[in-house]
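S.K.: just a sequence and a predicted model for now, questions to come.
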2 protein chains.
Amino acid sequence: MTEKNIQVRLAHRPEGEVRTSDFNIAEAPLPEIGDGQLLVRNHYLSLDPYMRGRMSAAKSYAQSVNIGDVMVGGTVGRVVASRHTGFREGDHVVGYLGWQLYGVSDGTALMRVDEPDIPLTAYLGVMGMPGATAYVGLMDIGQPKQGETVVVSAASGAVGSVVGQIAKIKGCRSVGIAGGPEKCAYVTDELGFDACIDYKRGRLAEDLAAAVPNGIDIYFENVGGRILDTVLARMNPFGRIPLCGLISQYNAIEPYGVKNFGSLLINRVKLQGFIVSDHLARWPDAFNDIGQWIRQGRIKYRESIVQGIENAPAAFIGLLAGKNFGKQLVKLI
Amino acid sequence: MTEKNIQVRLAHRPEGEVRTSDFNIAEAPLPEIGDGQLLVRNHYLSLDPYMRGRMSAAKSYAQSVNIGDVMVGGTVGRVVASRHTGFREGDHVVGYLGWQLYGVSDGTALMRVDEPDIPLTAYLGVMGMPGATAYVGLMDIGQPKQGETVVVSAASGAVGSVVGQIAKIKGCRSVGIAGGPEKCAYVTDELGFDACIDYKRGRLAEDLAAAVPNGIDIYFENVGGRILDTVLARMNPFGRIPLCGLISQYNAIEPYGVKNFGSLLINRVKLQGFIVSDHLARWPDAFNDIGQWIRQGRIKYRESIVQGIENAPAAFIGLLAGKNFGKQLVKLI
């Protein structure tokens, strides 16, 4: 066990592209715990696109991280000391203890995880926030019906991969958009999507048209920008767009101007922005269904794991550029 | 009674701005009616922004008008001959008999109107399609709650004026956007909106900010373009946007690029494009409520009437440029 804590703190607010120098890696003393608290040794840190928003001072759906504060983030780990009646030393827990080796919790938003057939890291992916995001967005906003066509961007990512697999389970045609032939092969061959479009091939409009002969009923949006515009042109009447993310825009100085906005009117599309933490009541349903689908082999997932907290900033920058392949994690032990 | 019919037909599909030369005004023989049909002498023709879409070949929510065909449009008039069991000579009817003096109907989508205290022209406005549009969009998609702030663009128009007045009736703060001080004065002084922003004043962002100190909960969108972008920046969390029209874009060769799309995500906005003809089941509720509000003096309206079918094309072009003031009608008798 490390004697000291190591933390990644926000050093500067990025303008445009995030740089490693926007972070500051520092040692800190092991925190003391008081009554009702517990100390967790984090084993894995989750890296997620939403963190880019927290680095900015601009208005967003959640509080910005202050300069000098530890970066926020989901973690799984093991309780190493407890003065909390709900947790014991040795318990495995998932929570939001941030980019650091050790975190103190009073139990808020901390959950003990103990299903023997689910790996610990899954609680940061398919059985965690990204899985719940895919489930809530697709099921509650998208409301897929048998035979419909579902398109999802960032299809090989933590959220997109689950969206497309649930769409298949619900009897839909499932079409992914991803960057590069390797990711696309994974999406179709491993995850079982009906088609995947490599947007880096430079033929997005043509390839999309060929992949959705009956148009698009649901577009689960993770990326925004030019891909969004291209998809909008193919929406069917009464289509739905769960708007989950706009990762192509997070580093942008000048936002992309969406030209095919008129398709939302002409096709009477329902578009809804959502944040999964607004839908906590649905998480148990999500994990119940997803857990079952994992055990049945109907939902697969892939992880991209970097070793060492000192590599978290570079891995996060890579995530924003789509360099990860599947759920991006940092191994902290 | 005119012996001949006069029709306005589509001569060319406009590219960009509509011109009077895109229409062709022609005489036609008075149509004969068969069994189950009736002949109507139209008294008023309604001019509405949706007609611009019907002039284009591009995919829209309704069939394009073919070159050489009579332009589509809502009309009120009087039955002058009937071989239909449901209508008698002398009945006043509202329907979609197009840009012409006489129309034949088999009764489809034709409704007898006979409320003595509602003027005939109202059935093309507040008690017709525009009124139902305002009602369905605001009530069913917007779902206004007491104390919320509702913003509506094209606020002095046939739809916008009703939206803002219903919002007031529902206990909301009602803010209009309109072009010019005269329209704005009408919106606040006559219609009772809490504020109206003259977008032609060149201070849209500042004036909007001042008019919505608590942000915007519902934006009823009729215009699109720069106004949409400015409003998006002020949306509140869990805001709703009934997307009714994008009149600023109908003549555009290059569509405007919407830059503040990210606000839909950050604020978890629900945006829904809608066409009132998809919601026919709600029309009786709309007219029941609106009729009552008119009688109570709680909904007012204004009409802009041009005389003569030969002036319909120019009036329509003026409508697209916002030159009308209130519901645009053409008097045909």
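M.R.: Sure thing, it's come through.

S.K.: please report phi then psi for whatever residue of the stretch 151-300 of chain A ends up closest to chain B.
M.R.: Chain B sits closest to residue A:257 of the stretch 151-300 of chain A, with a gap of 1.8 Å, by C-beta to the nearest C-beta. To be clear about C-beta, it is placed using only N, CA and C from the backbone, and glycine gets the same treatment. Per-residue torsions, residue A:257: phi -90, psi 120 (degrees, to the nearest 10).

S.K.: what is the burial count for it?
M.R.: Here the count is done by other C-beta atoms under 10 Å in any protein chain shown, and residue A:257 has 16 residues near it.

S.K.: quick check: closest non-adjacent residue to it.
M.R.: residue B:257 (1.8 Å; C-beta to C-beta, 6 or more residues apart in numbering or on different chains).

S.K.: now swap in residue A:17 and tell me
M.R.: Nearest one to residue A:17, counting by C-beta to C-beta, 6+ apart, is residue A:251 at 5.0 Å.

S.K.: in which helix or strand would I find the residue nearest the centre of chain A?
M.R.: Nearest to the mean C-alpha position of chain A, by C-alpha atoms, centre = their mean, lies residue A:130 at 4.3 Å. In this assignment (DSSP states H and E), residue A:130 forms part of helix A:129-135.

S.K.: that helix vs chain B: in contact?
M.R.: No. Figure legend: helix A:129-135 not in contact with chain B (C-beta under 8 Å from any C-beta of the partner chain); closest approach 12.4 Å.

S.K.: restricting to C-alpha, output that helix in CSV.
M.R.: C-alpha atoms of helix A:129-135 as CSV (Å, rounded to 0.1, in the frame of the first residue of the first chain):
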residue,chain,number,x,y,z
MET,A,129,-22.7,5.5,-15.4
PRO,A,130,-22.1,4.8,-19.1
GLY,A,131,-24.3,1.8,-19.1
ALA,A,132,-27.1,3.6,-17.4
THR,A,133,-26.7,6.5,-19.8
ALA,A,134,-27.1,4.2,-22.8
TYR,A,135,-30.1,2.5,-21.2
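
S.K.: now the lengthiest helix in chain A - C-alpha only, PDB.
M.R.: Ranked by residue count, the top helix of chain A under DSSP state H comes out as helix A:283-295. Taking Å, rounded to 0.1, in the frame of the first residue of the first chain, the C-alpha atoms of helix A:283-295 are listed here in PDB:
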ATOM      1  CA  TRP A 283     -30.500   3.000 -12.700                       C
ATOM      2  CA  PRO A 284     -31.700  -0.100 -10.900                       C
ATOM      3  CA  ASP A 285     -33.800  -1.100 -13.900                       C
ATOM      4  CA  ALA A 286     -30.800  -0.400 -16.200                       C
ATOM      5  CA  PHE A 287     -28.400  -2.600 -14.200                       C
ATOM      6  CA  ASN A 288     -30.900  -5.300 -13.700                       C
ATOM      7  CA  ASP A 289     -31.400  -5.600 -17.500                       C
ATOM      8  CA  ILE A 290     -27.800  -5.000 -18.500                       C
ATOM      9  CA  GLY A 291     -26.500  -7.500 -15.900                       C
ATOM     10  CA  GLN A 292     -28.800 -10.100 -17.200                       C
ATOM     11  CA  TRP A 293     -27.800  -9.400 -20.800                       C
ATOM     12  CA  ILE A 294     -24.100  -9.600 -19.900                       C
ATOM     13  CA  ARG A 295     -24.600 -13.000 -18.300                       C
END
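
S.K.: okay, now the sheet partners of the next helix-or-strand element following that helix, with direction.
M.R.: Using DSSP H and E, the next helix or strand after helix A:283-295 towards the C-terminus is strand A:303-307. Strand A:303-307 pairs in its sheet with strand A:327-331 (parallel), by DSSP bridges.

S.K.: so which residues on chain A come close to chain B?
M.R.: Residues of chain A lying near chain B (C-beta under 8 Å from any C-beta): A:53, A:59-61, A:224, A:228, A:237, A:243-246, A:249, A:254-262, A:264-275, A:278.

S.K.: who touches stretch A:54-61?
M.R.: A:10, A:13-14, A:18, A:22, A:53, A:62-65, A:71-72, A:275, B:237, B:266-268 (C-beta atoms under 8 Å, 6 or more residues apart in numbering or on different chains).

S.K.: which members of those residues are classed as buried?
M.R.: Buried members of the contacts of stretch A:54-61, counted by 16 or more other C-beta atoms under 10 Å in any protein chain shown: A:10, A:14, A:18, A:22, A:53, A:64-65, A:71-72, A:275, B:266-268.

S.K.: so where's chain A shaky on pLDDT?
M.R.: Residues of chain A meeting the criterion pLDDT under 70: A:1-2, A:59-60.

S.K.: can you show me the helices along it?
M.R.: Assigned by DSSP H, chain A shows helices spanning A:50-54, A:129-135, A:160-169, A:181-185, A:204-211, A:225-232, A:262-266, A:283-295, A:312-320.

S.K.: so for residue B:315, which of those sits nearest?
M.R.: helix A:262-266 (23.6 Å; C-beta to C-beta).

S.K.: and the closest one, what does it pack against?
M.R.: Contacting helix A:262-266 under the criterion 3 or more C-beta pairs under 8 Å, 6 or more residues apart in numbering or on different chains; DSSP states H and E are the following elements: strand A:235-243, strand B:270-273.

S.K.: which of the residues in the longest one are buried?
M.R.: If I follow you right, that is strand A:235-243. Applying 16+ other C-beta under 10 Å to strand A:235-243 flags A:235-236, A:239-243 as buried.

S.K.: now the two most distant members of those.
M.R.: Longest span within the buried residues of strand A:235-243, C-beta to C-beta: A:236 and A:243, 17.2 Å.

S.K.: can you tell me which residues contact residue A:257?
M.R.: Contacts of residue A:257 by C-beta under 8 Å, 6+ apart are B:256-259.

S.K.: one more pass at 10 Å, please.
M.R.: Shown in contact with residue A:257 (C-beta atoms under 10 Å, 6 or more residues apart in numbering or on different chains): A:225, A:229, B:229, B:255-261.

S.K.: check residue A:190 too.
M.R.: A:156, A:161, A:300-302, A:326.

S.K.: mind running it again at 8 Å?
M.R.: A:300, A:302.

S.K.: distance of it relative to residue A:15?
M.R.: Relative to residue A:15, residue A:190 is positioned 38 Å away (C-beta to C-beta, to the nearest Å).

S.K.: burial measure for the residue nearest to residue A:27 when sequence neighbours are not counted, as a count.
M.R.: Nearest non-adjacent residue to residue A:27, counting by C-beta to C-beta, 6+ apart: residue A:4, 4.8 Å away. A count of nearby residues for residue A:4, using other C-beta under 10 Å, gives 12.

S.K.: where do the strands of the stretch 51-200 of chain A begin and end?
M.R.: Along the stretch 51-200 of chain A, counting by DSSP state E, counting those that start in this stretch, strands occupy A:75-82, A:92-95, A:102-105, A:111-112, A:149-153, A:173-178, A:195-198.

S.K.: among those strands, which is the most enclosed?
M.R.: Among the strands of the stretch 51-200 of chain A, strand A:149-153 has the highest mean neighbour count (mean count of other C-beta atoms under 10 Å in any protein chain shown), at a mean of 30.

S.K.: now that strand, how far from the centre of its chain.
M.R.: Relative to the centre of its chain, strand A:149-153 is centred 16 Å away, using C-alpha atoms, centre = their mean, to the nearest Å.
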